[in-house]
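**Student:** sequence first, predicted coordinates after that:
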Amino acid sequence: MAARVLIVGQDPDTVDYAAPGIIPGMTAQKVRAGMSASKAALETAGHTCEILEVQPDPPGAQAAIQAALAAQTYDVVVIGAGIRNPPPKLLLFETVVNAVMRAAPAARIAFNTRPDDSDAAALRWVDR
């Protein structure tokens, strides 16, 4: 069955790549390349995939997620590692999870460990 997947990540241009919890050597370019590779892998497998880059402020992220989920139904929502890994991001992480749960209660939630394994995270939940 083909699935519709949304990958949610913090706008790579707003990430502090020196912060604890961030993969050493990571850059905005590497994040975008990894997310694009995951999107391409999902599409090659017959799924539809969109990427949503949110701002690091919880109210803005919540609004962006709610708008995306109101506009389209998704089978799986992948929440990027950069949103949940650095401890100061806890409020953003909780906001993103709660926004997804409210706006897309039937969607499964998945978590990646790197930008380029978002496809694997989504595929764990396709057809479940």
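**Tutor:** Looks like it came in fine. Numbers count the residues shown, from 1 in each chain.
**Student:** grab the longest helix from this structure for me.
**Tutor:** For the chain, the longest helix by residue count, based on DSSP state H, is helix 28-44.
**Student:** how far does the lowest-mean-pLDDT helix or strand in the chain sit from its chain's centre?
**Tutor:** Taking mean pLDDT, DSSP states H and E as the measure, the helix or strand of the chain with the lowest value is helix 81-84, at a mean of 82. Distance, stretch centre to chain centre, for helix 81-84: 8 Å (C-alpha atoms, centre = their mean, to the nearest Å).
**Student:** need the contact partners of it.
**Tutor:** 8-10, 12, 15, 22, 31, 54, 89-90, 92-93, 96, 111-115 (C-beta atoms under 8 Å, 6 or more residues apart in numbering). For glycine as for every other residue, the C-beta is placed from the backbone atoms N, C-alpha and C.
**Student:** beyond it, next helix or strand please.
**Tutor:** helix 90-103 (DSSP states H and E).
**Student:** what's the helix or strand harbouring Pro59 packed up against?
**Tutor:** Element membership of Pro59 [criterion: DSSP H and E] is helix 58-71. If contacts are counted by 3 or more C-beta pairs under 8 Å, 6 or more residues apart in numbering; DSSP states H and E, helix 58-71 sits against strand 4-10, strand 48-54, helix 90-103.
**Student:** which residues sit against it?
**Tutor:** By C-beta under 8 Å, 6+ apart, helix 58-71 touches 6, 8, 10, 50, 52, 54-55, 77, 91-92, 95-96, 98-100, 102-104, 107.
**Student:** right, I'll call it a day here.
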